[in-house]
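Engineer: mind folding the following:
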Amino acid sequence: MPTPKSLYADALNEISKRYGHLDHQTVRRLIELLQETRKSIALQLLQGPTDFETFRLSQLRDNIDIIVKRFQLQFGDDLTKALVEAHGLGVGGVTNPLNAIGLNVGTFNTIPTAQLNVVLDFSAELIQNIGDDLRKTINTQLRLSTLAQQTPFQAMKNVTDALGIKAKDGVWGRRNRPEVVRGVAARAETIVRTEMTRIFNLAQSSQQQQAAQTVPELRKRWVATGDGRTRDSHLRAHRRYNRNPIPIDKPFIVGGAKLMFPGDPRGPASETINCRCTTQMLA
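Structural biologist: Numbers count the residues shown, from 1 in each chain. Prediction:
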């Protein structure tokens, strides 16, 4: 017969698994969008390359603008849906384990609508900036090609480099060294990782504080992703707080910074950008 401890752990692991799947699928969708964008740009730059100089520059720019706007819109829609789902999983990361052991603390309004909208608006602004930078890069390549300073094929190569993808291998190519990711792919992945971590943990932290009013003995610990991309300071926090969980209302000390949760916007960028850590609440 399952024990309360095992039921609690199973519920925690289920939420963790679902969030990990959501994170993976959101990045996977980003890969697909970048590949689609690259193909659309290639069709514009490489059709009839020997006649490239006869193309109307304004028409090319208009067509590229449509492609970039489509990327911004699709990426924004996908990320918004993922952030809303991550918020729900953050809430479930607290309520589901407690419900599994018979402690029904209810579901609270963990993030005020205005605060949630700020997160969504900020993400949309970041995506807008990425699209604007990409548009400028492509327009520069168009001008150079029109002035016969490079071939359309060289222009497309430079655009591919700016996107940070490879024609055959996907966004990261054979990603043996994840730290070499660059360009739009790197910036877009940073947005996905950072904002999803932030909204998931913000929802979880808010729900934890509400639950602690009913179950005051609740504690929390820092859970890092144990791979080569994880900051040393976050691995140290994982080891420290795994052994010594802290009260819900106390901050973690991570790299010298006080963080209520991974991705805490009050923390320095050096400890929050691209963070993939989470917390676990212990009953």
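
Engineer: residue boundaries of the helices in this protein?
Structural biologist: Secondary structure of the chain (DSSP state H): helices located at 4-46, 57-100, 113-146, 152-163, 183-214, 232-243, 269-272.

Engineer: looking at this structure, which helix or strand is least sure?
Structural biologist: helix 113-146 (a mean of 82; mean pLDDT, DSSP states H and E).

Engineer: quick one: that helix to chain centroid distance?
Structural biologist: Mean C-alpha position of helix 113-146 versus that of the full chain (Cα atoms, centre = their mean, to the nearest Å) differs by 16 Å.

Engineer: with stretch 97-108 instead?
Structural biologist: For stretch 97-108, the distance to the chain centre is 28 Å (Cα atoms, centre = their mean).

Engineer: ok, residues contacting it?
Structural biologist: 4, 7-12, 15, 91, 94-95, 206-207, 210-211, 214-215, 281, 283 (Cβ atoms under 8 Å, 6 or more residues apart in numbering). (Glycine included, C-beta is placed from N, CA and C.)

Engineer: for Phe261, find the nearest of the helices of the chain.
Structural biologist: helix 183-214 (4.0 Å; Cβ to Cβ).

Engineer: for the closest one, name the packing helices and strands.
Structural biologist: helix 4-46, helix 57-100, helix 113-146, helix 152-163, strand 278-282 (3 or more Cβ pairs under 8 Å, 6 or more residues apart in numbering; DSSP states H and E).

Engineer: quick one: mean pLDDT for that helix?
Structural biologist: Computed over helix 183-214, the mean pLDDT rounds to 90.

Engineer: for Gln149, see how far away the most centrally placed residue in the chain is.
Structural biologist: A centroid search over the chain (Cα atoms, centre = their mean) returns Val192, at 1.6 Å, as the residue closest to the centre. Distance of Val192 to Gln149, given as Cβ to Cβ, to the nearest Å: 36 Å.

Engineer: what of Ile130?
Structural biologist: 26 Å.

Engineer: next one: Ile15
Structural biologist: Distance from Ile15 to Gln149, by Cβ to Cβ: 54 Å.
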